[in-house]
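Trainee: Sharing a sequence plus its predicted fold:
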Amino acid sequence: MVKIMIVEDSNLMKSVIANFIKKKNNDFEIITADGGEQAVEMYKKENPDLVFMDIRMPGMDGITAMEKILGSYPKAKVVMCTALKETEQEERARKAGAVGYITKPFSSEDIIKALNDNLPK
């Protein structure tokens, strides 16, 4: 079964992303984390196929969490989801290893494209 992890401090945004994923495939297992520290720990335990991660969260930010995950799991796939439409932030995320960068508000098509681009066919 395909596992998707959503890392987001907003329960509403977690729910929105989860619902968009379920539109694509209701059989995906969805796991969630509330912040960067929890994401790093949960990645070790769950080994998800794809991660959707917010950048700005209390405590450890999303890019730092992604760097820690990629340090231990270089094949991890992380799509950054953020309200920031800043070119420098996107460049930082991509240089750190993000496989995608989606700005809020996003559509179900944005999430489905990220799934299609990053999961095995």
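Mentor: Okay, I see it.

Trainee: what number of residues lie near residue 41?
Mentor: Residue 41: 13 surrounding residues under other Cβ atoms under 10 Å. To be clear about C-beta, it is placed using only N, CA and C from the backbone, and glycine gets the same treatment.

Trainee: quick one, what contacts residue 30?
Mentor: By Cβ atoms under 8 Å, 6 or more residues apart in numbering, the contact set of residue 30 is 3-6, 18, 21-22.

Trainee: Show me the helices in this structure, by range?
Mentor: Per DSSP state H, the chain carries helices over the ranges 11-24, 36-46, 62-72, 87-96, 108-118.

Trainee: wait, which of the ones you listed is closest to residue 52?
Mentor: helix 11-24 (5.5 Å; Cβ to Cβ).

Trainee: which residues sit against that closest one?
Mentor: Contact partners of helix 11-24, identified using Cβ under 8 Å, 6+ apart, comprise 4, 6, 8, 28, 30, 32, 52, 54, 81, 104, 107-108, 111-112, 115.
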